[in-house]
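>>> sharing a model prediction with you, sequence too.
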Amino acid sequence: MKLEFLDDLSASGKFTGVVADQLIRLYDFDKIQAKKLRLKIQEIVVENREKLDFSKLDFIERINCNLVLVISDLDTGILINNENNFICEITTDGYKNMVDLLEPFCIKDSSNSYQWLYEIDTPIEFLFSSKGTW
């Protein structure tokens, strides 16, 4: 599973109709890795209410960034912490929803499937896509 930050998807306005200018994507994974991620979010974030630092997960290859999931009182979404380090701040219910959204990827390999992991009005979207596309 790969973690990557994509910046300026519209190429400074050259491309119209893009979903967002920036996004964090998790891609290039199989159902086993999807299960591992789903379980980590469920256990560490939802049940134990602790932060989940993706740099500590041996099944995630960080391409150009890191992401930390933390529980917040508000659904803020992904924010830039510093240069290529990001923090995702959403509520417990938001993470429970994320766990539910990951479930189909854990049942069978979904080679052409993708899922936005939250629906928050924020500059940085969060994409879970086996091939990295949407």
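On my side now, so go ahead.
>>> give the closest residue to E50 in space, chain neighbours not counted.
Nearest-residue entry for E50: I44, 5.3 Å, with adjacent residues in sequence omitted and distances by CB to CB, 6 or more residues apart in numbering. C-betas here are computed from N, CA, C, even on glycine.
>>> from L74, how far off is the one you found?
Relative to L74, I44 is positioned 20 Å away (CB to CB, to the nearest Å).
>>> same question for F128.
Relative to L74, F128 is positioned 22 Å away (criterion: CB to CB).
>>> which of these two has more residues huddled nearby?
In terms of neighbours (other CB atoms under 10 Å), F128 is the more surrounded of F128 and L74; the figures are 23 against 10.
>>> I figured that one hits Q115, correct?
Yes. In this structure, F128 is within contact of Q115 by CB atoms under 8 Å, at 4.8 Å.
>>> shared neighbours of those two, which are they?
Common contacts of F128 and Q115 (CB atoms under 8 Å, 6 or more residues apart in numbering): 101-102, 105.
>>> out of the residues you listed, which is most surrounded?
Most surrounded of these: other CB under 10 Å gives F105, at 24 neighbours.
>>> quick one, phi psi at that residue?
As for F105, its main-chain torsions (degrees, to the nearest 10) stand at phi -70, psi -20.
>>> how close does it get to F54?
Counting by CB to CB, the separation of F105 from F54 is 17 Å.
>>> what's the answer for D121, then?
Computed with CB to CB, the distance linking D121 and F54 is 24 Å.
>>> then I71?
16 Å.
>>> who has more neighbours, the two?
Between I71 and F54, counting by other CB under 10 Å, F54 is the more crowded of the two (21 against 18).
>>> mind listing what that one touches?
In this structure, F54 makes contact with 3, 60, 62, 66-69, judged by CB under 8 Å, 6+ apart.
>>> who wins on neighbours among the residues you listed?
Per-residue neighbour counts (other CB under 10 Å) across these peak at L69, which has 25 neighbours.
>>> can you report phi and psi for the closest residue to it other than its chain neighbours?
Here the nearest residue to L69 in space, its sequence neighbours aside, is L52; by CB to CB, 6+ apart that works out to 4.3 Å. Dihedral pair for L52: phi -120, psi 110, per degrees, to the nearest 10.
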